[in-house]
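> output the structure for:
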Amino acid sequence: MADFLVTWLAKNSSFNSIALSIDDFYLTKQRRLQLAKNVHPLLATRGVPGTHDVALMKSTLEQLLAGHSGVPLPHFNKHLDDSAPHNEWPRNNTAVDIIILEGWCVGSKAQSASALTAPLNELEQNADSQGVWRNYVNNCLKTEYLNIFAKVDYLVMLKAPSFAAVFAWRKEQEQEQKLIALKGQGAGTMNDAQLRYFIAHFERVTRENLNTLASTANALVTLNEQREISCLEFKLIN
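Numbers count the residues shown, from 1 in each chain. As a prediction, this is how the structure comes out:
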């Protein structure tokens, strides 16, 4: 959708736009392993708030918002689970008017301390029984991520029908990755058990978003099980 909006704006308006994925701002594997050693082992797995290079994201957005061109645009190689070399990062050729930042946790808000007390799933029960990991993630949302998300002028939420649907969709993506791997273009695919373990890292923030983010989004795109749009809601903004 982000890429489509960039294409549509280019053809139907005078605005220059760019799409950025929050996934491209993941910390390098080395930095995540350091976090895993210093804070909690679960932080070795990319995805949750706390595993992004927020300083880099802030710098990139500020340069683009200031109208600079030639800004290095980070790129993360998911097959290698590491940031691509800096000399492979693309750059914007012209100043941009609109930045579209997409990602599963964009706009997410921190939970209350009481909501973090009880483990939500087996991952939290077995690997984070003291709540160190989930409190770290929540604190990141409360501080550095809040500052980034505060820059968003218009928030669009694509709302899945349930967390079970999120797993099913991610499984489809994994099957596509396996096809790619057979062609020699990638590796590191997961079976169902590994996928459930991986998805469990995202369950807490995803469920919170499904419950609360819809009320703060400027545009709510409700999806059905087939990822078709079942409802569109827009809020007026000043």
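> ok, residue 127 touching residue 43?
No. If you go by Cβ atoms under 8 Å, residue 127 and residue 43 don't touch, sitting 11.1 Å apart. In short, each C-beta sits where N, CA and C put it, glycine included.
> so where is this protein shaky, pLDDT-wise?
Residue ranges of the chain with pLDDT under 70: 174-190, 237-238.
> for it, which segments count as strands?
Under the criterion DSSP state E, the chain contains strands at 17-21, 76-77, 82-83, 98-102, 156-159, 219-223, 229-234.
> between those strands, which one is nearest to residue 148?
strand 98-102 (8.5 Å; Cβ to Cβ).
> could I get the full set of helices for this structure?
Listed in chain order, the helices of the chain (DSSP state H) span 2-12, 29-38, 54-65, 122-127, 132-142, 144-149, 163-182, 192-200, 203-212.
> angles on the backbone of the nearest residue to residue 68 once chain neighbours are set aside, please.
Distance criterion Cβ to Cβ, 6 or more residues apart in numbering; nearest residue to residue 68, sequence neighbours excluded, is residue 95 at 6.8 Å. Per-residue torsions, residue 95: phi -60, psi 150 (degrees, to the nearest 10).
> mind listing what residue 95 touches?
16, 67, 68, 69 (Cβ atoms under 8 Å, 6 or more residues apart in numbering).
> in these, find the pair that's most separated.
Greatest spatial distance in the contacts of residue 95: 16 and 68, 12.5 Å, computed using Cβ to Cβ.
> please tell me how far the residue nearest to residue 68 sits from residue 64.
Counting by Cβ to Cβ, to the nearest Å, the gap from residue 95 to residue 64 is 8 Å.
> common neighbours of those two, please.
Common contact partners of residue 95 and residue 64 (Cβ under 8 Å, 6+ apart): none.
> which single one of the contacts of residue 95 is nearest to residue 27?
residue 68 (23.8 Å).
> what is the burial count for the closest one?
As a burial measure, residue 68 scores 14 neighbours (other Cβ atoms under 10 Å).
> again with residue 145
So residue 145, with other Cβ under 10 Å, has 24 neighbours.
> with residue 213 instead?
Residue 213: 20 surrounding residues under other Cβ under 10 Å.
> ok, now which ones touch it?
107, 108, 109, 157, 159.
> ok, the fourth one to residue 88 distance?
Which is residue 157. 32 Å.
> which one of these two is surrounded by more residues?
residue 157 (20 against 9).
> could you find the closest non-adjacent residue to the more buried one?
Per Cβ to Cβ, 6+ apart, closest to residue 157 is residue 217, 3.9 Å.
> my read: that neighbour touches residue 152, true?
No. Assessed by Cβ under 8 Å, residue 217 is found out of contact with residue 152, at 10.1 Å.
> what do these two both touch?
Common neighbours of residue 217 and residue 152, counting by Cβ under 8 Å, 6+ apart, are residue 107.
> those two - which one has more neighbours?
residue 217 (20 against 13).
> mind listing what that one touches?
Neighbouring residues of residue 217 by Cβ under 8 Å, 6+ apart: 107, 155, 156, 157, 235.
> surely the fourth one touches residue 221?
What it means is residue 157. Yes. At 6.7 Å, residue 157 counts as touching residue 221 under the criterion of Cβ under 8 Å.
> pull the CA atoms of stretch 106-114 into CSV?
Listed next in CSV are the C-alpha coordinates belonging to stretch 106-114 (Å, rounded to 0.1, in the frame of the first residue of the first chain):
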residue,chain,number,x,y,z
VAL,A,106,4.1,2.2,13.8
GLY,A,107,1.9,4.2,16.2
SER,A,108,2.0,1.6,19.0
LYS,A,109,1.6,2.9,22.5
ALA,A,110,3.0,1.6,25.8
GLN,A,111,0.9,-0.5,28.1
SER,A,112,0.4,0.2,31.8
ALA,A,113,2.8,-1.4,34.3
SER,A,114,0.0,-3.6,35.6
